[in-house]
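Novice: Mind folding the following:
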Amino acid sequence: MPNIKSAKKRVKVIDKKTAENKAIKSRIATYAKKFKLAVSSKDVATAEVAYNDVVSLMDSAARDNVIHTNSANRKKAHYAKMLDDLKKSI
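Specialist: Next up, the predicted model:
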């Protein structure tokens, strides 16, 4: 437990930022799940909308250093391949 006033404030700030980052990551996971569900049900229109949403969220999270840029790019490429394979199969 911090004793110095500035250290106490840092604990509060870190707790707040951790909660914000967790919420952003959770939102990304939710949209990724929606995208994967649309792909598995072979619904191209819904998958395209969900893909755009999840890519947008990942880009903003990477820009704010919530997730690593390379991680975001790798996942976006994986989702793009999934969408492309879905379009080719139909």
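
Novice: tell me the centre residue of this protein?
Specialist: Ile28 (2.9 Å; C-alpha atoms, centre = their mean).

Novice: which ones are touching it?
Specialist: Ile28 is in contact with 54, 57-58, 61, 67, counting by C-beta atoms under 8 Å, 6 or more residues apart in numbering. All C-beta atoms are positioned from the backbone trio N, CA, C, and that covers glycine.

Novice: Let me see the ranges of the helices in this protein.
Specialist: Listed in chain order, the helices of the chain (DSSP state H) span 5-40, 44-63, 69-89.

Novice: Dump the ones you listed to a markdown table, plus mean pLDDT.
Specialist: As requested, the helices of the chain are exported to a markdown table (pLDDT from 0 to 100):
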| stretch | mean pLDDT |
| --- | --- |
| helix 5-40 | 98 |
| helix 44-63 | 98 |
| helix 69-89 | 97 |
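
Novice: which among the contacts of Ile28 gets closest to Ile24?
Specialist: Ala61 (5.3 Å; C-beta to C-beta).

Novice: Now that closest one. Nearest residue, chain neighbours left out?
Specialist: Leaving aside its sequence neighbours, Ala61 sits nearest to Ile67 (C-beta to C-beta, 6 or more residues apart in numbering; 4.8 Å).

Novice: wait, what's in contact with the one you found?
Specialist: 25, 28, 58, 61.

Novice: one more time with 10 Å
Specialist: By C-beta atoms under 10 Å, 6 or more residues apart in numbering, the contact set of Ile67 is 21, 24-25, 28, 57-58, 60-61, 75.
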